[in-house]
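*Asks:* Got a sequence here, can you build the structure:
(2 chains)
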Protein chains: 2
Amino acid sequence: MSSASETTLEIPAGFRATAVKAGIKPSGGLDLAVIASDHPCAAAGTFTTNRVCAAPVRWDQALVPSDSIRAIVVNAGNANAATGAQGEANAAATATFAAEHLACLPQHVLVASTGVIGHQLPMDNLRDGLARALASLSGEAEQFAEAARAIMTTDTRPKVVSLRQDLDGRSTALLGLAKGAAMIGPRMATMLAFLVTDARVAPTDLQAILSEAVESTFNCISVEGHTSTNDTVLLLANGAAGGEPLQGEALAKFAASVQSTCQTLARMIPDDGEGATHLITIDVEGARDREEARTIARAVADSPLVKTAVAGADPNWGRIVSAAGYSGVPFEEQELSLWLNNTPLYRDGVPLNFDAAAVSAHLRAERETTIRLTLKRGSGSIRFWTCDLTAEYVRLNADYTT
Amino acid sequence: MSSASETTLEIPAGFRATAVKAGIKPSGGLDLAVIASDHPCAAAGTFTTNRVCAAPVRWDQALVPSDSIRAIVVNAGNANAATGAQGEANAAATATFAAEHLACLPQHVLVASTGVIGHQLPMDNLRDGLARALASLSGEAEQFAEAARAIMTTDTRPKVVSLRQDLDGRSTALLGLAKGAAMIGPRMATMLAFLVTDARVAPTDLQAILSEAVESTFNCISVEGHTSTNDTVLLLANGAAGGEPLQGEALAKFAASVQSTCQTLARMIPDDGEGATHLITIDVEGARDREEARTIARAVADSPLVKTAVAGADPNWGRIVSAAGYSGVPFEEQELSLWLNNTPLYRDGVPLNFDAAAVSAHLRAERETTIRLTLKRGSGSIRFWTCDLTAEYVRLNADYTT
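*Replies:* Residues are numbered from 1 along each chain as shown, chains lettered A, B, ... in the order given. The predicted structure is shown next:
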């Protein structure tokens, strides 16, 4: 899998992209991206479960799965969330405007937004920018890299991956881009991520593959546990590689690639978490099922006390086991064991002797921290990613809008 | 209700207290307190629901409600949590040692601990300190104030309140002390708080009164949402004021005093939250019931994005409604309204125009922030307290043990 910096992105046939400065971000940077397909796409999506969900989320939810999507229009700098009926109208107007230029119906255009909540989109700027964007669509790799840059908010770097593989004897490409650095606590979906492929996949298969992939990737990350109003993951397959819809072994191979692409993108998000100095991987094993393991992992990932301890390279492991303890999973303390960076600290409810100075030095030296918790309730397990909590996170968020 | 600094604490008859330096805190400060009654007490308690619960919590849970409690022994500097069978033995040994000096049974002594998790209590220091403490018990107000100081960990000030009132024609006193500044996210209980009275109350009445009071006070606060392993609230009534057990109107008056004392103490905890610069009061109204209101209030209170916005005096109200949105309560966005410091910002799902500079200036000028959220689902409501999240909180917690 290649990353953006290698400039060797694999671009699925029949897709074009672009990014422009529409004047939505106060910074004046790139803030509007379009990804369009020359052919109608099978499309799948997963979305936030937040009851205050953004207008673009409602628009997309009504349209996927679909077999006729032509484009995704994404803006950063404004979430179009908590904006009432005016916000709904603005999302629809964005899709309608793009549809006119692409000679398709509004319901063939998906939209996504990210940025500050509770402000109406500046529609004059958006229409003007969108007209320029639609006139500059291109299949060059650089345009996809620019699109990944345009959807960033507080991200410090674009997040894009791609791969090429043969499916049913045909060469296909899969490309994914994502954004997110805070307000990350996905449940059933995540921040913005878009995957496009030229493989041919039936819409129902595409939705099943995406939903399963999201469960063990984007739904396994957290920066501070705040589930966004705008979480959206979309997967488009335009079939430009030719052939019949994938089935059997080729479909399974495609699903595995979607899974690995989602995992790579998901992990990039807490790794670029606001102010983060550590990427923390949490493995929970021996739970009754995957959901129980996720519940424990999420409680540990979202504990400010765990996150500050990692930031300070403080092996204060009691905070980890106590977070597991309040997760709501009714385990017995005597069945709980803990490893921190592979050092056993707590076994079957009993603290172990360990070299605190060495564990602290290791925490401080490595950007990656691993926490492993085991129970004896069953075979449910999960891998979850989060980041530490630093004073820089506080600084970044204490004055985001003002 | 009087506070410690006024030196006018009302001391219930028949209670004595003390505090010593036992060498449990690395700082060498006061770290061991005893509150004892000359007469057996009716006793009630509420405790953490954390599955990793401290040895002293297990000890007390087995004993209350009771009609024969003689003392509470509390240490700070070590939580005796996640300490296995050795921790259980140390809690029992502490009660047994105190019982010998007080000429009662071990099961007449309650114990509580707070501090770092996962370390065994230094029992030699504890026994030596306890012997000195038991020899210095006194009914002087200053001793109770010292006890409140001894149970502090990162608290910046002791938390103690008292009142005197006539019940059934007899003068009675109620005194409460508490500690807590972080790892505050109580569910069913809270950090350490101890209330003592010389009123005579039947144990079952006492337990019912305490449980109800805790539901709307200590269970309505949060610093960072991390439910502790050691949360304990105890209420002792030794009946030294004389008369029969309270009933009817006098019992109701007593219950109201317990409620107001718990509320005053509870509010002091986030007000002294680690690094806090704002005390935030969250009112949720129009929920289906109290639990639903609590669920929404807790989601808002525990959102690092809400807390950092308040710290930065940033009227970024979208974070508040989105936190309500992911709380799990299935409300409709069109029924949600929001006020920040009494300024309406969002009504029935539609953003309102407001003077952001004025709201920001008000947030910055006042230590107290009020958030009011209303739904249209029913008559359930709650008042919840939390504090903001500052870089100082991160600094304090990044190197707590090392």
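
*Asks:* The longest strand anywhere in chain A packs against which elements?
*Replies:* What stands out as the longest strand in chain A, according to DSSP state E, is strand A:32-47. Counting contacts by 3 or more Cβ pairs under 8 Å, 6 or more residues apart in numbering or on different chains; DSSP states H and E, strand A:32-47 is packed against strand A:15-20, helix A:55-61, strand A:66-78, helix A:123-134, helix A:141-150, strand A:192-197, helix A:203-215, strand A:232-237. No exception for glycine: its C-beta is placed from N, CA and C like everyone else's.

*Asks:* Give the pairing partners of it; include direction for each.
*Replies:* As defined by DSSP bridges, the strand partners of strand A:32-47 come to strand A:15-20 (antiparallel), strand A:66-78 (antiparallel), strand A:232-237 (antiparallel).

*Asks:* in that strand, what's buried?
*Replies:* For strand A:32-47, the neighbour count (16 or more other Cβ atoms under 10 Å in any protein chain shown) marks A:32-37, A:40-47 as buried.

*Asks:* could I get those residues as TSV with pLDDT?
*Replies:* Shown next, in TSV, are the buried residues of strand A:32-47 (pLDDT from 0 to 100):
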residue	pLDDT
A:32	98
A:33	97
A:34	97
A:35	96
A:36	96
A:37	95
A:40	93
A:41	93
A:42	92
A:43	92
A:44	90
A:45	90
A:46	90
A:47	90
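
*Asks:* Among those residues, which one sits closest to chain B?
*Replies:* The closest of the buried residues of strand A:32-47 to chain B turns out to be residue A:47 (Cβ to the nearest Cβ; 12.6 Å).

*Asks:* pLDDT value on residue A:399, please?
*Replies:* On the pLDDT scale, residue A:399 is placed at 73.

*Asks:* Name the nearest residue to residue A:147, sequence neighbours excluded.
*Replies:* Nearest residue to residue A:147 in three dimensions, chain neighbours excluded: residue A:33, at 3.9 Å (Cβ to Cβ, 6 or more residues apart in numbering or on different chains).

*Asks:* in the helix or strand containing residue A:114, what's buried?
*Replies:* Assigned by DSSP states H and E, residue A:114 belongs to strand A:109-116. For strand A:109-116, a neighbour-count test (16+ other Cβ under 10 Å) marks A:109-116 as buried.

*Asks:* and it, what other elements does it pack with?
*Replies:* helix A:55-61, strand A:66-78, helix A:84-102, strand A:192-197, strand A:232-237.

*Asks:* repeat that for 6 Å
*Replies:* Strand A:109-116 is packed against helix A:55-61, strand A:66-78, helix A:84-102, with contacts defined by 3 or more Cβ pairs under 6 Å, 6 or more residues apart in numbering or on different chains; DSSP states H and E.

*Asks:* if we can go back for a sec, now do the contacts for the residue nearest to residue A:147.
*Replies:* Counting by Cβ atoms under 6 Å, 6 or more residues apart in numbering or on different chains, residue A:33 makes contact with A:19, A:74, A:147, A:150-151.

*Asks:* If it is in a bridge, with which residues?
*Replies:* Going by DSSP bridges, residue A:33 forms beta bridges with residue A:19, residue A:74.

*Asks:* Whichever residue of the stretch 1-150 of chain A sits closest to chain B and residue A:55, how far apart?
*Replies:* The minimum distance from the stretch 1-150 of chain A to chain B, using Cβ to the nearest Cβ, falls at residue A:117 (2.3 Å). Per Cβ to Cβ, to the nearest Å, residue A:117 is found 11 Å from residue A:55.

*Asks:* From residue A:371, how far off is residue A:303?
*Replies:* 11 Å.

*Asks:* how about the strands of the stretch 251-400 of chain A, start to end?
*Replies:* With strands called from DSSP state E, counting those that start in this stretch, the stretch 251-400 of chain A shows them at A:279-287, A:337-340, A:343-347, A:350-351, A:368-374, A:380-387.

*Asks:* Out of these, which gets nearest to chain B?
*Replies:* Set against chain B and scored by Cβ to the nearest Cβ, those come closest in strand A:350-351, at 3.7 Å.

*Asks:* That closest one and chain B in contact?
*Replies:* Yes - shown here: strand A:350-351 in contact with chain B (Cβ under 6 Å from any Cβ of the partner chain) through A:350-351.

*Asks:* and what of stretch A:285-296?
*Replies:* No - figure legend: stretch A:285-296 not in contact with chain B (Cβ under 6 Å from any Cβ); closest approach 10.1 Å.

*Asks:* list the buried ones in that stretch?
*Replies:* Per 16+ other Cβ under 10 Å, stretch A:285-296 contains these buried residues: A:285-287, A:290, A:292-296.

*Asks:* Return the distance of that stretch from the chain's centre.
*Replies:* Remark: stretch A:285-296 is offset 21 Å from the chain centroid, using Cα atoms, centre = their mean, to the nearest Å.

*Asks:* just stretch A:48-61 next, same as before
*Replies:* Per Cα atoms, centre = their mean, the centroid offset for stretch A:48-61 relative to its chain is 15 Å.

*Asks:* does chain B sit close to that stretch?
*Replies:* Yes - Stretch A:48-61 is in contact with chain B by Cβ under 6 Å from any Cβ, via A:50-52.

*Asks:* how about that stretch: buried residues?
*Replies:* Going by neighbour count (16+ other Cβ under 10 Å), the buried part of stretch A:48-61 is A:48, A:50-57, A:59-60.

*Asks:* What is the nearest of those to residue A:219?
*Replies:* Distance to residue A:219, by Cβ to Cβ, is smallest for residue A:48 among these, at 11.0 Å.

*Asks:* Dihedrals phi and psi, that closest one?
*Replies:* The phi/psi pair for residue A:48 (degrees, to the nearest 10) reads phi -60, psi 150.

*Asks:* Is it in contact with residue A:226, as I believe?
*Replies:* No - here residue A:48 lies out of contact with residue A:226, judged by Cβ atoms under 6 Å, at a distance of 11.1 Å.

*Asks:* Quick check: pLDDT value at residue A:232.
*Replies:* For residue A:232, the predicted pLDDT is 87.
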